[in-house]
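Participant: coords please:
(one chain, ligands or ions: 2)
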Amino acid sequence: RTGWIEIVCGSMFSGKTEELIRRLNRAKIAKQKVAIFKPNVDTRYHDEDIVSHNALSIPSVPILESRDILALTGDCDVVGIDEAQFFDGGIVEVCNILANKGKRVIVAGLDMDFKGNPFGPMPGLMAVAEYITKVHAVCVVCGDVAHYSYRKAASQDEVLLGETDSYEARCRKCYHL
Ligand code: ADP
Ligand code: MG
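Facilitator: Ligands and ions are numbered 1, 2, ... in the order given. Okay, the predicted model is just below:
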């Protein structure tokens, strides 16, 4: 059987992790062997688990370099990756290798950083993926569909953790207020 790559992307609070966990749990119900990874940088909630903002969680393996995923996915059917925007550029080839081996690869990540620019390896991943799902948050200012992660804090570094106090979901109009 052939493999493929599917992407779940969107702003912060858009339900990427929720949707990733939903897809992985359904794969487990189908008795498929699942392996789940996240970049080591993401230690906001728990060292190992992937946790969504509405408190769903699933065990995962924190990874320093994208290459390390290959050795840990030998016999699994489905590979889940969260916060993919924080991985090195090698993640694109890693996902291709896994899909070429017949695995279903489900990748969740921020499509844009808080400046509205494409985030890390996400554009490359979206280019090679068979399927892309954009999920959306609710704008905290007006309630419309939110598409941007608005940074409330002053720091301009691309990576700033502790997101609930530092970022909020905003629609196109309110992002530019
Ligand atoms: P992501 O991984 O995209 O950051 P999560 O899957 O962790 O998102 O969290 C999604 C959950 O966040 C929603 O089900 C909802 O309970 C909660 N939430 C908090 N703020 C918002 C918001 N502004 N818009 C939508 N959902 C929100
Ligand atoms: Mg998430």
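
Participant: can you give me the strands in this protein?
Facilitator: 4-10, 34-39, 50-51, 57-58, 61-63, 78-81, 104-110, 131-134, 137-138, 145-146, 148-151, 167-170 (DSSP state E).

Participant: which stretch among these comes nearest residue 121?
Facilitator: strand 104-110 (8.2 Å; C-beta to C-beta). C-beta: built from backbone N, CA, C; applies to glycine.

Participant: What angle do strand 34-39 and that closest one make with each other?
Facilitator: On the basis of axes from the mean of the first three to the mean of the last three C-alpha atoms, to 10 degrees, strand 104-110 is oriented at 30 degrees to strand 34-39.

Participant: and strand 104-110, anywhere near ligand 1?
Facilitator: No. With C-beta under 6 Å from any ligand atom as the criterion, ligand 1 is not reached by strand 104-110; the gap is at least 6.6 Å.

Participant: so where's the chain shaky on pLDDT?
Facilitator: Counting by pLDDT under 70, the chain contains low-confidence ranges at 42-46, 154-164.

Participant: The lengthiest helix in it relative to strand 104-110, how many degrees between them?
Facilitator: As assigned by DSSP state H, the longest helix anywhere in the chain is helix 16-29. If you take the same axes, to 10 degrees, helix 16-29 sits at 160 degrees to strand 104-110.

Participant: Remind me what helix 16-29 packs against, helices and strands.
Facilitator: With contacts taken as 3 or more C-beta pairs under 8 Å, 6 or more residues apart in numbering; DSSP states H and E, helix 16-29 sits against strand 4-10, strand 34-39, strand 50-51, strand 57-58, strand 78-81, strand 104-110.

Participant: Of the strands of the chain, which is nearest residue 97?
Facilitator: strand 104-110 (9.5 Å).

Participant: For the longest helix of the chain, buried residues please.
Facilitator: Within helix 16-29, the residues that qualify as buried are 16, 17, 18, 19, 20, 21, 23, 24, 27, counting by 16 or more other C-beta atoms under 10 Å.

Participant: Tally up the residues packed near residue 104, please.
Facilitator: Counted with other C-beta atoms under 10 Å, the neighbours of residue 104 add up to 22.

Participant: measure the nearest residue to it once chain neighbours are set aside to residue 172 for me?
Facilitator: In this structure, residue 104 finds its nearest non-sequential neighbour in residue 78, 4.7 Å apart by C-beta to C-beta, 6 or more residues apart in numbering. Distance check for residue 78 against residue 172: by C-beta to C-beta, to the nearest Å, it reads 34 Å.

Participant: rewinding a little: near ligand 2 too, which of the buried residues of helix 16-29?
Facilitator: Among these, the residues lying close to ligand 2 (C-beta under 5 Å from the ion) are 16, 17.
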